[in-house]
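>>> Below: sequence and its predicted model.
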Amino acid sequence: MEKVKQDRCTMTQQVSSSPFLKAFYLKMPLSVPSPLRQRRHTLPASEFRNLTPQDAISVFEIEREAFISVSGECPLTLNEVLNFLGQCPELSMGWFEEGQLMGFIIGSGWDKEKLAQEALTRHVPNTPTVHIHVLSVHRHCRQQGKGSILLWRYLQYLRCLPGLRRTLLVCEKFLVPFYEKAGFKDKGPSAITVGALCFRELEYTLAGLAYARRKSNC
């Protein structure tokens, strides 16, 4: 028993005298906050931003569910969504809630007075006209007025982009009142057809709002 005590004392003296093993205390660095005090990082509750090609699949899933169930046709294929978001992302807008896409608008540039069939797949850069291809919201967000809010935000955004004077779109007749309520004017039947579907062409004027842009700091 005495020998065990002597051995323990010897080991203690060796550890204490070792140049590599010194007593120390674990302390949290002053610059690192306690885990209990760390700020929780969360995604924005609601965010409007331009879309990117990385958003294309989410866009197409919402579009497909919204349009195929009604008309059997999507305004844009997945490749066309990727094409427009690659060429003119600044003419798109998505509404995100906690990082999830709730609704979107995709537009492109157009250079003629009226929309033609080729406008469905073509982007003309540096033009004063924006062609709105599609506006859609997630099925869980419909009948809540979010489509109107998204459209209003998009039009206000377009007013802040230099050189734009108007936006055009085509829609079926039953949707005309929705767009007229937002300030669009019905220009009559459109030359565009998709299968058996016929459309009305509508126009929204963006020009003549320089004063409003200055006052809004756009």
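Good, I have the coordinates.
>>> From here on, just use CA atoms for contacts and neighbour counts.
Noted.
>>> F199 looks like it's in a helix, true?
No - applying DSSP: H, G, I helix; E, B strand; the rest coil, one finds F199 to be strand, outside a helix.
>>> all numbers from here: first residue = 793
Fine by me, first position is 793 from now on; the one you just mentioned is F991.
>>> in what helix or strand does the residue nearest the centre of the chain lie?
The centre of the chain sits closest to G886, judged by Cα atoms, centre = their mean, with a distance of 2.8 Å. In the assignment (DSSP states H and E), G886 maps to strand 884-889.
>>> So what are the sheet partners of that strand and their directions?
Looking at strand 884-889 with DSSP bridges, its partner strands are strand 839-841 (antiparallel), strand 892-902 (antiparallel).
>>> Need the winner for burial among those strands.
Of the strands paired with strand 884-889, the one with the most neighbours on average (mean count of other Cα atoms under 10 Å) is strand 892-902, at a mean of 24.
>>> returning to what we had before: for the residue nearest to the residue nearest to the centre of the chain when sequence neighbours are not counted, what are its contacts?
Excluding the flanking residues, the one nearest G886 by Cα to Cα, 6 or more residues apart in numbering is F896, at 4.2 Å. Residues counted as contacts of F896 (Cα atoms under 8 Å, 6 or more residues apart in numbering) are V851, S884, M885, G886, W887, V926, L927, S928, V929, L942.
>>> one more time with 6 Å, if that's ok
M885, G886, L927, S928 (Cα atoms under 6 Å, 6 or more residues apart in numbering).
>>> Pick out whichever of the residues you listed sits closest to D847.
G886 (9.0 Å; Cα to Cα).
>>> Let me know how buried the spatially closest residue to Q909 that is not a sequence neighbour is, in neighbour terms.
Nearest residue to Q909, sequence neighbours excluded (Cα to Cα, 6+ apart): I984, at 5.1 Å. Here the count is done by other Cα atoms under 10 Å, and I984 has 20 residues near it.
>>> What helix or strand is I984 located in?
Assigned by DSSP H and E, I984 falls in strand 977-986.
>>> Name the strands paired with that strand and say parallel or antiparallel.
When pairing is defined by DSSP bridges, strand 977-986 lines up against strand 989-997 (antiparallel).
>>> Show me where this structure has its helices.
794-809, 848-860, 870-879, 938-951, 968-973, 1002-1007 (DSSP state H).
>>> average pLDDT across the longest one?
Yep, that's helix 794-809 we're talking about. Averaging pLDDT along helix 794-809 gives 46.
>>> Where does pLDDT dip in the chain?
793-836, 860-864, 1000-1010 (pLDDT under 70).
>>> Please repeat the previous calculation with a cut-off of 50.
794-833, 1002-1006 (pLDDT under 50).
>>> Tell me how far F976 lies from S928.
17 Å (Cα to Cα, to the nearest Å).
>>> ok, C963 - how many residues close by?
19.
>>> do the same with the one 4 residues further on
Burial of L967 is recorded as 12 neighbouring residues (other Cα under 10 Å).
>>> same thing with Q936?
9.
>>> residues near E964, how many?
E964 has 13 nearby residues by other Cα under 10 Å.
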